[in-house]
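S.K.: heads up, no residue letters with this:
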């Protein structure tokens, strides 16, 4: 099974949920969540059997960036956790009457898509992109459907966004610095670098 199938299911499911309207959105989202969980179970079974589940394709030529996805023991566990919880989160929302339900369910699926991409990314820049993409739906879900009054929610999400985005800029700078030493962002190559104490600092 192609490792990208999980991302494709979640991304297309998010679009389909958004287009399905408020009435069908919960069912469409739940179907997508369950499908992604089943695909994850199949992927884990293939990895356990020794099948190579790596996906690698050059994405950008200069700088060298690969659309590279892989799964090790930890990332596969996180993938299972994400896809199983996505289905449970969607199912738990069935009793609530959300305003613009199609948007909230689509955002949940898009968040799951970005998180799964983060866990499977084998290229540093791809990891960074998925990481930043996961912040967008969280921001809107907390802002529009979070607890408390609108002003309190707005203050909380602005702080959340500044802290997470600001902190991750240092990660982007570190990736750019390490790129100068390896010529690519592949995490396998970055992890083999023998860095001095000054480089590590």
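M.R.: Yes, it's here. These numbers were taken from a predicted model, which means no experiment stands behind them. Numbers count the residues shown, from 1 in each chain.
S.K.: Might you list the low-confidence residue ranges for this protein?
M.R.: Where the chain drops to pLDDT under 70, the residues are 1.
S.K.: Show me the strands in this structure, by range?
M.R.: 55-60, 65-69 (DSSP state E).
S.K.: Could you check how many residues crowd around residue 90?
M.R.: Here the number of neighbours of residue 90 (other Cβ atoms under 10 Å) works out to 25. C-beta: built from backbone N, CA, C; applies to glycine.
S.K.: residue contacts, it?
M.R.: The contact partners of residue 90, by Cβ atoms under 8 Å, 6 or more residues apart in numbering, come to 26, 29, 30, 33, 105, 108.
S.K.: which of these count as buried?
M.R.: Buried members of the contacts of residue 90, counted by 16 or more other Cβ atoms under 10 Å: 26, 29, 30, 33, 105, 108.
S.K.: with these in mind, which one is nearest to residue 97?
M.R.: residue 26 (10.6 Å; Cβ to Cβ).
S.K.: What residue, apart from its backbone neighbours, is nearest that closest one spatially?
M.R.: residue 94 (5.6 Å; Cβ to Cβ, 6 or more residues apart in numbering).
S.K.: so that neighbour makes contact with residue 29?
M.R.: No. Between residue 94 and residue 29 there is no contact under Cβ atoms under 8 Å: 10.0 Å.
S.K.: residue ranges of the helices in this protein, please?
M.R.: 5-19, 21-48, 73-92, 101-120, 124-145, 150-182, 187-191, 197-200 (DSSP state H).
S.K.: okay, those in a markdown table with distance to residue 65 next?
M.R.: Formatted as a markdown table, the helices of the chain follow (distance: least, Cβ to Cβ, whole Å):
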| stretch | distance to residue 65 |
| --- | --- |
| helix 5-19 | 17 |
| helix 21-48 | 24 |
| helix 73-92 | 19 |
| helix 101-120 | 14 |
| helix 124-145 | 5 |
| helix 150-182 | 9 |
| helix 187-191 | 12 |
| helix 197-200 | 22 |
